[in-house]
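[1] what follows is a predicted protein model with its sequence.
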Amino acid sequence: MRILLVEDDSSLADAVCSYLVAKAFVVDVAPSLSEARGALLSVQYAAVLLDLHLGDGDGLSLLPQVRALREPPIVIVLTARDQVTDRIRGLDAGADDYLIKPYDPAELLARLRAVERRRSANTSPVLQLGTLEIDLAHDRVRKDGTPVVLTQKEWALLRVMATRPERIHTRDNLADALYGFGDEADSNTLEVFISRLRRKLGRSHIQTLRGLGYRLSFSADDEE
C-alpha cells in the first residue's frame, strides 16, 4: 500500500512516516497542497492522510481532485480542529474517516485497515487460501499452521494482493507498493519478489495473467 501523507509539520510527518515504513508501507510526504496535487497526478495511491491546516490552503480543497480519480484512494483527515462542524464538513466533502491530533499511529493504521475492509466487503482481516492464512491485522502469514517469515518488501507486496484478492493487480500497481519517490529499483525487481513469495507460500497461490498482471489464487491447484 502506497500512502500520500499531506502534512506540513515536519516532526509529525517524520514520526508517522517512521511508524508506517516500519509496517512495510511506502509513504510519500507532501508538505503543501500544490505538492499533493502533483503527487496525485503521477501515482495511484491506496490512501491519502490529509491535514486540513496547510500553508497554501485548506486540505479539504484537495478532495474534489481525489474523488475524481478513476480509483479514489482512502482519505483520512488528520487535524487539530476538534469542532463537530469541521468533522462533518470533512466527511461530507468525501473523507472516509477523521482522526484528531494528537493521535496514536497504531490507531491510524487500524482505521486504514477498517476502511479498506469496508471498501472490499471483507468483514474479516484474515484471508484463508486453502492451507495458507494471511492475517492483515497482525501482519503475519501461516502455511499449514506454521508461521511464514517474510521481508518487509515481500509483506508489502502480499498485503496489496490480499487486501483485494479478487482483483488483477498490474505491474505498476504492485510496484507502487514497493517504492516511493526517489527510490531506485531494477526493472525486474517485481518479478524477483513474486518469485520469492511463490517459494515461501506455494507457487500456485500467485497467478500470472499474461499481459494483465497478478492475483492471488484461492485454489492450490491453479496453474500459472
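    Arrived safely, thanks for sending. Numbers count the residues shown, from 1 in each chain.

[2] wait, a helix at residue 154?
    Yes - applying DSSP: H, G, I helix; E, B strand; the rest coil, one finds residue 154 inside a helix.

[3] tell me where this structure has strands.
    2-6, 26-30, 47-51, 53-54, 57-58, 74-79, 97-100, 126-129, 132-135, 140-143, 146-148, 206-209, 213-216 (DSSP state E).

[4] would you list those in a markdown table and tack on mean neighbour count?
    Just so you know, the C-beta spots here come from the backbone N, C-alpha and C atoms, and that holds for glycine as well. Formatted as a markdown table, the strands of the chain follow (neighbours: other CB atoms under 10 Å):
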| stretch | mean neighbour count |
| --- | --- |
| strand 2-6 | 24 |
| strand 26-30 | 22 |
| strand 47-51 | 24 |
| strand 53-54 | 18 |
| strand 57-58 | 13 |
| strand 74-79 | 23 |
| strand 97-100 | 16 |
| strand 126-129 | 16 |
| strand 132-135 | 19 |
| strand 140-143 | 18 |
| strand 146-148 | 12 |
| strand 206-209 | 16 |
| strand 213-216 | 20 |
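
[5] reformat those as JSON lines; add mean pLDDT.
    Below are the strands of the chain laid out as JSON lines (pLDDT from 0 to 100):
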{"stretch": "strand 2-6", "mean pLDDT": "94"}
{"stretch": "strand 26-30", "mean pLDDT": "93"}
{"stretch": "strand 47-51", "mean pLDDT": "94"}
{"stretch": "strand 53-54", "mean pLDDT": "87"}
{"stretch": "strand 57-58", "mean pLDDT": "89"}
{"stretch": "strand 74-79", "mean pLDDT": "90"}
{"stretch": "strand 97-100", "mean pLDDT": "90"}
{"stretch": "strand 126-129", "mean pLDDT": "86"}
{"stretch": "strand 132-135", "mean pLDDT": "91"}
{"stretch": "strand 140-143", "mean pLDDT": "92"}
{"stretch": "strand 146-148", "mean pLDDT": "94"}
{"stretch": "strand 206-209", "mean pLDDT": "90"}
{"stretch": "strand 213-216", "mean pLDDT": "90"}
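
[6] out of the ones you listed, nearest to residue 65?
    Across the strands of the chain, residue 65 has its closest neighbour in strand 47-51 (10.1 Å, CB to CB).
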